[in-house]
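Enquirer: Could you work out the structure for the sequence below:
(chains A and B)
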Amino acid sequence: LAKTTQPISMDSYEGQEVNITCSHNNIATNDYITWYQQFPSQGPRFIIQGYKTKVTNEVASLFIPADRKSSTLSLPRVSLSDTAVYYCLVALYSSASKIIFGSGTRLSIRP
Amino acid sequence: EAGVTQFPSHSVIEKGQTVTLRCDPISGHDNLYWYRRVMGKEIKFLLHFVKESKQDESGMPNNRFLAERTGGTYSTLKVQPAELEDSGVYFCASSRGGLATNEKLFFGSGTQLSVL
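Expert: Numbering: from 1, shown residues only, chains lettered A, B, ... in the order given. Alright, predicted model coming up:
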């Protein structure tokens, strides 16, 4: 099962671009990379998903290099409301039991 | 569109008692999942329903936990008898298709269970 490694915490300031990198060295061919965001007292919320290269939506961008052993979540111009825990997940989406939530990255945005 | 709702949001019980958690998935979502995070640990998968059938219950910790989804709509997770180590946050999630289609999960806000 692919395990992910990401920084425990990060700090940034409003208006800055934040990049959170996740390592998944033993990612399998059919695994997708998904990022979730979690606010206190709430469940995780889907942000973005990708398989390779770059994916962009209205919330974030996801950069995945050719070897797919890492990925970077990019949050443009963060605000205080982006303070949350961000989880990088790698899973063969044939079974929910294959989804492994790591410890996540606690992102703190300051004024 | 209503999201995934869980009830209660908090539950405080004594060791040995029974607690039942409820999850209402998004309407039309055939797939329903239970996860939990115990103190200081990571979010762990418990089980997966497809409609009323248990697709995967490999994450259920022991036979004190019983999940049901009669009629393929809402689901309940019963813990009987509850032990101290069962304390944590129990999340429910749903998805329209199965995860093989790479669909995203929609999570509820969770039930904070405290066993004293």
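Enquirer: Listing request: residues of the chain with sub-threshold pLDDT.
Expert: Reading this off chain A. The model of chain A has pLDDT under 70 over residues A:1-2, A:92-98.
Enquirer: that answer is for a different chain, and I need it for chain B
Expert: In the predicted model of chain B, residues B:1, B:98-103 satisfy pLDDT under 70.
Enquirer: any idea which element A:Ser71 lies in?
Expert: Using DSSP states H and E, A:Ser71 falls within strand A:70-75.
Enquirer: List the neighbouring strands of that strand plus their orientation.
Expert: strand A:18-23 (antiparallel), strand A:61-64 (antiparallel) (DSSP bridges).
Enquirer: what's around the closest residue to chain A within chain B, how many residues?
Expert: The minimum distance from chain B to chain A, using C-beta to the nearest C-beta, falls at B:Phe107 (2.9 Å). (C-beta placed from N, C-alpha, C; glycine too.) Residue neighbour count, defined by other C-beta atoms under 10 Å in any protein chain shown, stands at 23 for B:Phe107.
Enquirer: In space, what's closest to it - neighbours in sequence excluded?
Expert: Once flanking residues are discounted, B:Phe107 sits nearest to A:Gly43: 2.9 Å by C-beta to C-beta, 6 or more residues apart in numbering or on different chains.
Enquirer: Same check on A:Ser9?
Expert: In space, and not counting its chain neighbours, A:Ser9 is closest to A:Arg106: 4.4 Å by C-beta to C-beta, 6+ apart.
Enquirer: wouldn't that neighbour be in contact with A:Val85 here?
Expert: Yes: the criterion here is C-beta atoms under 8 Å, and A:Arg106 meets it with A:Val85 at 5.2 Å.
Enquirer: which residues does the residue nearest to B:Pro8 when sequence neighbours are not counted contact?
Expert: Among residues not flanking B:Pro8 along the chain, B:Thr111 sits closest, at 6.1 Å (C-beta to C-beta, 6+ apart). Taking C-beta atoms under 8 Å, 6 or more residues apart in numbering or on different chains, we find B:Thr111 in contact with B:6-11, B:21, B:89-90.
Enquirer: Need the phi and psi values for the residue nearest the centre of chain B.
Expert: The residue lying closest to the centre of chain B (C-alpha atoms, centre = their mean) is B:Trp34, at 3.1 Å. For B:Trp34, the backbone dihedrals (degrees, to the nearest 10) come out as phi -120, psi 130.
Enquirer: how about the strands in the chain?
Expert: Going with chain A. Assigned by DSSP state E, the strands in chain A fall at A:9-13, A:18-23, A:32-38, A:45-50, A:53-56, A:61-64, A:70-75, A:84-91, A:105-110.
Enquirer: not what I meant, chain B
Expert: For chain B, the strands defined by DSSP E cover B:5-7, B:10-13, B:19-24, B:31-38, B:44-50, B:53-56, B:65-68, B:75-79, B:88-95, B:106-107, B:111-115.
Enquirer: buried sites along the third one?
Expert: It stands for strand B:19-24. For strand B:19-24, burial by neighbour count (16 or more other C-beta atoms under 10 Å in any protein chain shown) applies to B:19, B:21-24.
Enquirer: what do you get for the first one?
Expert: With burial defined by 16+ other C-beta under 10 Å, the residues of strand B:5-7 counted as buried are B:Gln6.
Enquirer: what helices or strands is it leaning on?
Expert: Identification of packing neighbours for strand B:5-7 by 3 or more C-beta pairs under 8 Å, 6 or more residues apart in numbering or on different chains; DSSP states H and E yields strand B:19-24, strand B:88-95.
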